[in-house]
Structures are given as C-alpha cells and as structure tokens.
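**Q** Mind looking at a prediction? Sequence and model below.
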Amino acid sequence: MKRQVWVDIDLEALSENLKKVRELVGDSVRIAAILKQSAYGHGLIPVARKLYQGGIDCFGVASINEAIQLREDGYRGQIILLSIVSKELAPFFIRFGITPTVAEQSFAQELNYQAKKINKTIPIHIKVDTGMGRLGFYPDQTYSFLEKIKGLEFISLEGIYTHFPVADTNSKFTVQQLNIFQNLIKELKEKNIDFKYYHSANSLGVVNYPDSYLNMVRPGLILYGIKPSSNLAIEVKPVLSFKSRIIFIKEVPPGKTVGYGSDFVTKGKTRIATVSVGYADGYPWALSNCAQVLIRGKIFNIAGRVCMDHIMVDLGSDKEIKKGDVVTLIGKDKKEEIKAEKVAKWAQTIPYEIVTRISAEIPRHYLGS
Ligand SMILES: *Cc1c(COP(=O)(O)O)cnc(C)c1O
C-alpha cells in the first residue's frame, strides 16, 4: 500500500544547521541541542543520534520520559531537563544520570536524599528568572536559595541559566536581562559561588546576541531549519517535510459549495481534489480556506475548511494532476517551497506549534541517516 500521509526528515540538513550554529558560537562554547517534544516533532532518537554524531555537547529535554528514552538508546552524555518536575521523580535523575533544573528547596533536598542513598553526587542547574516570568528564582532571591542548599553535600552546583521572552522583538529588554544575569554571576563569584556553565541563549540568542553565549548555548528551532522570527541573519535548511496524497478527484460545476460550513463556493467549473490529511493529523483547522499546498511543483489553494481527516484542494483548470499524486503541505516540490514559517503565518500561530503538533502517529521517514 502507498503511504497516505507522512513526514520526511532530512538528517543532512540537520547536520548542516548544526554546523552553522557551531560556526557562529565557536568551539569553546558548549552546545546543548534542545530536543523537547520529540525533537520539535522531528522524532527524538534519530535526531539525537545525528546531532551527537555532529558534535553537540549535551541535550536539553522537557520530560523525564524523553531523557530516559535517550539513555535507553545508549546515549551517555549529559541530558539537562529544562522543566520542573514533581519531587517524586527525583530518583530518576539519580538512576539515569539526568541533570535537573532546580528552582525549589524541597526538590533540592529530595535530590540530595536520593543521591546520598547511593553515595553519588548529582550536578544541578539553577534557573533564574530575569524577565521570562516562568520558572526560577528572581535574581535577588538566588543567593539566599544557594545559601540554603549549601549544606547538601550530594548536590553540586554545575550550571546557572536564564531564558529570553522577547529576543525577537525587544532587544533593549533582552540586553537588560543579560546584564542582570551577568551581574548576578559576578555577585555570586564574589561570594565564592562558581558554576561550571552559564547559559542564556536560545535560537534567537545564538543568532542575534553573541554576548549571550557565555559558555553554553541552547538552540532549538534553528537546528531544525526554522527561523523563530523573520529577517533572521542565518541561513538554515528546513529539516521536516509534511506530505500526503490525493485520494479522490471530481469535476465540480460553478456555484457548488465545498466542505463544512459551505463557505467555499466554486466560481467556475473546476476540479476538487480530496487529500488524506486533516486537523487530527496536526494540519490546523485554522488553515481552512487560506492555506496553499504544492502538487507536481505547482501551488494550489485549499478549498473550504480543514476536516478531521481530509482537506480539499482547488485544482482549477489543471488537467495533469491525478489521484494518488503527492501533496506537499510543508516542504519543497520542484522549484516551489512551503516553509513551516509560512504555514504558521496562515494559521496565525508560531512555527513551533506547527511542527510539534504534527501527530506522533504519522510515520517519520529519515533521509541521510
Ligand atoms: C525551548 C527552549 C529553548 C530553545 O528555544 P528555541 O527558540 O527553540 O531555540 C532554550 N531554552 C529553554 C529553557 C527552552 O525551554
């Protein structure tokens, strides 16, 4: 049976993007490649393997589960969990050698207790909130927290980090955050608290704020060849393509409605193709009546609303296109290309959401592994 809907992952493009990031940050800065949410929908293990071959220094994940999958695949390097989890999960950090983000005293105590049981020291990274308003201590709370956990002898302070909310839209605020963070680092140093790793840069930091590199960076989206904002001065190559096929075509006279809500009406005689993908596959409903797709290297508009398992495409006067033809939703077809950034714009969302929402059930095919 022919594949009906699938995702192609170009691992060579992934390697090239990693090289670009390495060129930017240089050899002395550690790269933590961010693999949250199954490598932004690209598939955790194949992506991790390729990045590891390409010389990343460590990984950042969003869940214990992802970290354990990496361990089970045999990866022995560092894995940093960028989120906060319940302290019942503390034993997993010790058992699988996962580096936690710490922003609570009770969690630090539990980690220390679990580590002590097996007489092993666990490195931790401290999160500082310089303006994200999400996880972590405010800068002025950080020292007193560190004082409180000073006596926990099975914990070692390895890293301290912060995160940028507006690195694309507000450089003044971002530079300010960086200053606050650097002042904190200095203040802690004066108090004899030293960390091995200092980090703040996400993709935007990597491209736009060289001062934010410190000695470690955390790029996610640009590794996947997607730009978090337009006009970003880096050339990266999209890694993911999202494809489906035409399962049905019919001739439609003028004045007929197409799809739920009957809000698409044919202007003239046309052909309407039904394609095997819908919002349940992660092709957003918000693309109803506004997205384009590629078939045989040509651009077509979708007709009507996105259904659960189908979309309809207006083929107009085209005579060439047949049932079974490949439909590119994201990706290249001959000279034309639809990027995830473009799809995000049509759906009025961000490219992160477009790629992470492509259903995990859809097979990923890895090219260039
Ligand atoms: C997701 C995430 C990143 C990576 O962000 P990109 O914009 O994809 O580069 C870096 N740091 C933290 C803490 C994150 O949560």
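**A** Happy to help now that I have it. Model, not experiment: these values are computed from the prediction.

**Q** Domain boundaries for the protein, per the record?
**A** Under the assignment automatic domain parsing, the domains of the chain span 11-224, 240-367.

**Q** In JSON lines, list those domains along with mean pLDDT and distance to S230.
**A** The C-beta positions use only the backbone N, C-alpha and C, and glycine is treated the same way. Formatted as JSON lines, the domains of the chain follow (pLDDT from 0 to 100; distance: least, C-beta to C-beta, whole Å):
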{"stretch": "domain 11-224", "mean pLDDT": "96", "distance to S230": "9"}
{"stretch": "domain 240-367", "mean pLDDT": "97", "distance to S230": "7"}
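
**Q** got the contact list for whichever residue of the stretch 101-250 of the chain sits closest to the ligand?
**A** Closest approach between the stretch 101-250 of the chain and the ligand, counting by C-beta to the nearest ligand atom: G220, at 2.5 Å. By C-beta atoms under 8 Å, 6 or more residues apart in numbering, the residues touching G220 are A33, I34, K36, Y40, G60, N202, S203.

**Q** how far away is it from H163?
**A** In this view, G220 and H163 are 11 Å apart by C-beta to C-beta, to the nearest Å.

**Q** Show me what from the chain comes close to the ligand.
**A** Within the chain, the positions adjacent to the ligand are I34, K36, L82, H163, N202, S203, R218, P219, G220, L221, P228 by C-beta under 6 Å from any ligand atom.

**Q** change it to 5 Å
**A** Applying C-beta under 5 Å from any ligand atom, we find that the chain lies next to the ligand at I34, L82, H163, N202, S203, R218, P219, G220, L221.

**Q** just the strands in the stretch 251-369 of the chain please.
**A** With strands called from DSSP state E, counting those that start in this stretch, the stretch 251-369 of the chain shows them at 257-258, 264-265, 270-275, 292-295, 298-302, 311-316, 326-333, 336-338, 364-367.

**Q** okay, those strands in JSON lines with mean neighbour count next?
**A** Shown next, in JSON lines, are those (neighbours: other C-beta atoms under 10 Å):
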{"stretch": "strand 257-258", "mean neighbour count": "18"}
{"stretch": "strand 264-265", "mean neighbour count": "16"}
{"stretch": "strand 270-275", "mean neighbour count": "22"}
{"stretch": "strand 292-295", "mean neighbour count": "22"}
{"stretch": "strand 298-302", "mean neighbour count": "18"}
{"stretch": "strand 311-316", "mean neighbour count": "22"}
{"stretch": "strand 326-333", "mean neighbour count": "22"}
{"stretch": "strand 336-338", "mean neighbour count": "17"}
{"stretch": "strand 364-367", "mean neighbour count": "16"}
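
**Q** thinking again about what came up before, with distance to Q4 as added columns, please give the domains of the chain in CSV.
**A** CSV is the format used below for these (distance: least, C-beta to C-beta, whole Å):
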stretch, distance to Q4
domain 11-224, 18
domain 240-367, 4
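
**Q** Let me know how buried G261 is, in neighbour terms.
**A** Residues lying near G261 (other C-beta atoms under 10 Å) number 11.

**Q** and it, what does it touch?
**A** Listed by C-beta under 8 Å, 6+ apart, the contact partners of G261 are G304, R305.

**Q** gap between it and V128?
**A** 48 Å.

**Q** so can I have JSON lines of the contacts of G220 showing neighbour count?
**A** Formatted as JSON lines, the contacts of G220 follow (neighbours: other C-beta under 10 Å):
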{"residue": "A33", "neighbour count": "25"}
{"residue": "I34", "neighbour count": "23"}
{"residue": "K36", "neighbour count": "20"}
{"residue": "Y40", "neighbour count": "25"}
{"residue": "G60", "neighbour count": "26"}
{"residue": "N202", "neighbour count": "24"}
{"residue": "S203", "neighbour count": "26"}
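
**Q** Contacts for the host helix or strand of L146 next, please.
**A** Secondary structure from DSSP states H and E places L146 in helix 139-148. When contacts are defined by C-beta under 8 Å, 6+ apart, helix 139-148 is touched by residues 105, 126, 128-130, 137, 157, 160, 180-181, 183-184, 187-188, 191, 193.

**Q** now, which of those residues lie within strands?
**A** I126, L157, I160 (DSSP state E).

**Q** So among these, which ones count as buried?
**A** I126, L157, I160 (16 or more other C-beta atoms under 10 Å).

**Q** I am assuming the second one contacts T121, so please confirm or correct that.
**A** No: in this structure, L157 sits apart from T121 without contact. The criterion is C-beta atoms under 8 Å, and the distance is 10.8 Å.

**Q** helices or strands up against the helix or strand where R22 lies?
**A** Using DSSP H and E, R22 sits within helix 11-25. Judged by 3 or more C-beta pairs under 8 Å, 6 or more residues apart in numbering; DSSP states H and E, the packing partners of helix 11-25 are strand 30-34, helix 44-53, helix 203-208, strand 364-367.
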